[in-house]
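Undergrad: Okay, sequence plus prediction incoming.
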Amino acid sequence: MTRVRSRWSRPRTGDPASAPDAAGPPTAQPGPAELEDCLRACAVHSGKLVGSLDHRRIALAEQLRKLLALWATQETAAATGGGGLLRRGTKAAGGQLDNDLLDALLAVGNKALDCGYDDELNLALLITDTVLSQRRNSRAGWRLRGRLLETMGHPDAAIEAFDRYVGLTKEDGFGVRTKIAGLRAAQAGRAELLALLERGVPEAAQYAGQPPTDVWADGLAAYGAGDWDGAEPRLVGALLAMDRAESPEQDFQEALSHYLDLCTGDRAARPTPELTEIIARFAEQRRNRMRGPLSDPTFGGLQWLTLGEFRNRIAGKSICLIANSGKVGTSSLGAEIDAYDLVVRFNSFKIDPAHTGARTDIHVTIHKHGFNWDRPVDIRLVFGGISGDWKHSLRNRLVPGAQKYLGDESLRWPVRNIGKLGTDAWPAIPTSGFNMLWLLDFLDVSPTLDLIGFDFYESGAYRLDAAMKMPITSVHEYTSEKAWVMERAQSVSGMRISLR
């Protein structure tokens, strides 16, 4: 059986993994934490990662290096009276968390969460304690804490943290509301499932107050001896004990899955209608936990577009692609943009009709974010490099009725899958904009193909407010994409680059 003790331990100052016997699971409310203590804990953890071969820990080590370098710079500036590389007013004087350190700490917390190991989860918990102690309204802090609590197996606390995030944001580009709905539905289904088990195996009540690990072991021993009548009450009693002890959700779910496997094994009693209902409820609460409840599994009767069908829909039409760049937000080109036959926008685009135009005919987005997926468009193309992750995102983020046509897997990753440009020919991960631009150039059926505002983020980003804190990621190679565009440009005039 999976261990039934809590995975969580409150980190002590300077060592996030040094308190395995702390009392009680974590809650949504942050504990008291000092910035200096948190930074020292990060420094200690950085030393533990030296020589690690785990790619997740290597990524964490890099973020820790950046955080500690920033901290050292600020400490030096404070000791010498300011100046240097720091902007006025950004020094973290008196243990206060400034914006630069906030971003760096959150980056470390996210990488620590990606690792998934207990030491890293405890470090991430200390970071969210620190961030939210000083920035009570940090949206990124509350979202990170919600994700962390969910990973640590405490869904009720995660819901509370996610609720705080939703209350602070206008655009839910990360699908947090769906996550909350799924967790709540799953928790309700879990309670109903336990009630069914209690009614179906009343003898389990006598074991529910005992240590769950011991009771579970006794149940397995009875099962191994061929005594199902003695095993089942103990196994169910252990599940009830885990529930009362607030064991991490992953441990409970694994034990429940194991119990159901035994129920359908050769040594158990013949399956009953009650067992069939329990299995159905188990599956339903697991689905809700993974993707949230779906009110319309058919997604509003949308039509899938293949590569050929997409070509036919754009053939002969003038097309403009609108960048999410700072210069677009002040362009005054709204009327000209809306005059094209098809207007293409990307990811977390922001609408200001006077400058950006008002129409969006094709929304192109990476599968990892959910910004603007609820905005009605004619065609939505969702790009993603890994088929399974792409399908999972469609299932979780697609909004029924928000699109008439949706690109199928033939349009999932144009540069790689259609163009067959591997990492040897194009080492960097292609952006959504470049994937779309490459696709339109490859199909070559549009008499006008214009790019507006494409300065490859030299003027900064112009996005929905909730997406403005997202970094311009370094995994893309904008210089190569710009060179590709300029090699094919027929004319360049102001903010407009024409490829046809």
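TA: Good, I have the coordinates.

Undergrad: pLDDT weak spots in the stretch 401-500 of the chain?
TA: Within the stretch 401-500 of the chain, the segments meeting pLDDT under 70 span 469, 471-477.

Undergrad: Just the helices from it, written as ranges.
TA: Secondary structure of the stretch 401-500 of the chain (DSSP state H, counting those that start in this stretch): helices at 432-443, 478-488.

Undergrad: could I get the ones you listed as CSV with mean neighbour count and distance to residue 98?
TA: Heads up, the C-betas are built off the backbone N, CA and C, glycines and all. Below are the helices of the stretch 401-500 of the chain laid out as CSV (neighbours: other Cβ atoms under 10 Å; distance: least, Cβ to Cβ, whole Å):
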stretch, mean neighbour count, distance to residue 98
helix 432-443, 21, 32
helix 478-488, 14, 28
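
Undergrad: Turn those into TSV, including distance to residue 393.
TA: Shown next, in TSV, are those (distance: least, Cβ to Cβ, whole Å):
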stretch	distance to residue 393
helix 432-443	13
helix 478-488	23
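
Undergrad: which one is residue 289 nearest to, not counting chain neighbours?
TA: Excluding the flanking residues, the one nearest residue 289 by Cβ to Cβ, 6 or more residues apart in numbering is residue 186, at 4.0 Å.

Undergrad: which stretches of the stretch 201-350 of the chain have low pLDDT?
TA: Confidence mapping of the stretch 201-350 of the chain against pLDDT under 70 gives the ranges 270-271, 295, 297-298.

Undergrad: how far away is the nearest residue to residue 212 once chain neighbours are set aside from residue 197?
TA: Distance criterion Cβ to Cβ, 6+ apart; nearest residue to residue 212, sequence neighbours excluded, is residue 241 at 3.8 Å. Distance, residue 241 to residue 197, using Cβ to Cβ, to the nearest Å: 12 Å.

Undergrad: Now do stretch 371-388, average pLDDT.
TA: Mean pLDDT, computed over stretch 371-388, is 94.

Undergrad: when you give positions from now on, start the count at 744
TA: Will do, 744 is the new start, and the previous item becomes stretch 1114-1131.

Undergrad: For that stretch, list every residue counted as buried.
TA: 1114-1117, 1120, 1122-1127 (16 or more other Cβ atoms under 10 Å).

Undergrad: how long is that stretch end to end?
TA: End-to-end distance of stretch 1114-1131 (Cα to Cα, to the nearest Å): 20 Å.

Undergrad: tell me which residues in stretch 908-919 are buried?
TA: Neighbour-count burial for stretch 908-919 flags 908-909, 911-912, 914-919 (criterion: 16+ other Cβ under 10 Å).

Undergrad: In TSV: those, plus secondary structure.
TA: Formatted as TSV, those follow (DSSP: H, G, I helix; E, B strand; the rest coil):
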residue	secondary structure
908	helix
909	helix
911	helix
912	coil
914	coil
915	coil
916	coil
917	coil
918	coil
919	helix
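
Undergrad: Between all of the residues you listed, which two are at the greatest distance?
TA: The largest separation in those, counting by Cβ to Cβ, is between 911 and 918 at 15.9 Å.

Undergrad: mind listing what the nearest residue in space to residue 1095 that is not next to it in sequence touches?
TA: With sequence-adjacent residues excluded and distances taken as Cβ to Cβ, 6+ apart, residue 1095 is closest to residue 1072, at 6.3 Å. Applying Cβ atoms under 8 Å, 6 or more residues apart in numbering, one finds that residue 1072 lies in contact with 1093, 1095, 1098-1099, 1205.

Undergrad: Hmm, residue 1019 and residue 939 touching each other?
TA: No. Using Cβ atoms under 8 Å, residue 939 is not in contact with residue 1019; the gap is 11.0 Å.

Undergrad: Between the two, tell me which one has more neighbours.
TA: Using other Cβ atoms under 10 Å as the criterion, residue 939 and residue 1019 rank with residue 939 on top: 16 against 10.

Undergrad: Identify the residues contacting that one.
TA: Applying Cβ under 8 Å, 6+ apart, we find residue 939 in contact with 1017, 1020-1021, 1024.

Undergrad: Which strand or helix spans it?
TA: Here residue 939 sits within helix 919-943, counting by DSSP states H and E.

Undergrad: Can you give the distance of that helix from its chain's centre?
TA: Relative to its chain's centre, helix 919-943 lies at 22 Å (Cα atoms, centre = their mean, to the nearest Å).

Undergrad: follow-up on the earlier one: quick check: of the buried residues of stretch 908-919, which lies closest to residue 1168?
TA: In terms of Cβ to Cβ, no member of the buried residues of stretch 908-919 lies closer to residue 1168 than residue 916, at 31.9 Å.

Undergrad: what residues are up against residue 922?
TA: With contact taken as Cβ under 8 Å, 6+ apart, residue 922 is in contact with 889, 893, 905, 1035.

Undergrad: how does it look with 10 Å?
TA: Residues near residue 922 by Cβ atoms under 10 Å, 6 or more residues apart in numbering: 886, 889-890, 893, 901-902, 905, 908-909, 915, 1032, 1034-1035, 1139.

Undergrad: now do residue 974
TA: Going by Cβ under 10 Å, 6+ apart, residue 974 touches 961-968, 1002, 1005, 1010-1011.

Undergrad: Can you lay out the residues you listed as JSON lines showing distance to residue 1199 and secondary structure?
TA: Shown next, in JSON lines, are those (distance: Cβ to Cβ, whole Å; DSSP: H, G, I helix; E, B strand; the rest coil):
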{"residue": "961", "distance to residue 1199": "65", "secondary structure": "helix"}
{"residue": "962", "distance to residue 1199": "62", "secondary structure": "helix"}
{"residue": "963", "distance to residue 1199": "60", "secondary structure": "helix"}
{"residue": "964", "distance to residue 1199": "65", "secondary structure": "helix"}
{"residue": "965", "distance to residue 1199": "67", "secondary structure": "helix"}
{"residue": "966", "distance to residue 1199": "63", "secondary structure": "helix"}
{"residue": "967", "distance to residue 1199": "64", "secondary structure": "helix"}
{"residue": "968", "distance to residue 1199": "69", "secondary structure": "coil"}
{"residue": "1002", "distance to residue 1199": "55", "secondary structure": "helix"}
{"residue": "1005", "distance to residue 1199": "58", "secondary structure": "helix"}
{"residue": "1010", "distance to residue 1199": "65", "secondary structure": "coil"}
{"residue": "1011", "distance to residue 1199": "62", "secondary structure": "coil"}
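
Undergrad: Quick one: neighbours of residue 966, just the number.
TA: Residues near residue 966, counting by other Cβ under 10 Å: 20.

Undergrad: which residues of the stretch 1094-1243 of the chain fall in strands?
TA: Along the stretch 1094-1243 of the chain, the segments classed as strands by DSSP state E, counting those that start in this stretch run 1105-1109, 1120-1126, 1146-1150, 1192-1195, 1234-1236, 1239-1241.

Undergrad: Many thanks, I have nothing further to ask.
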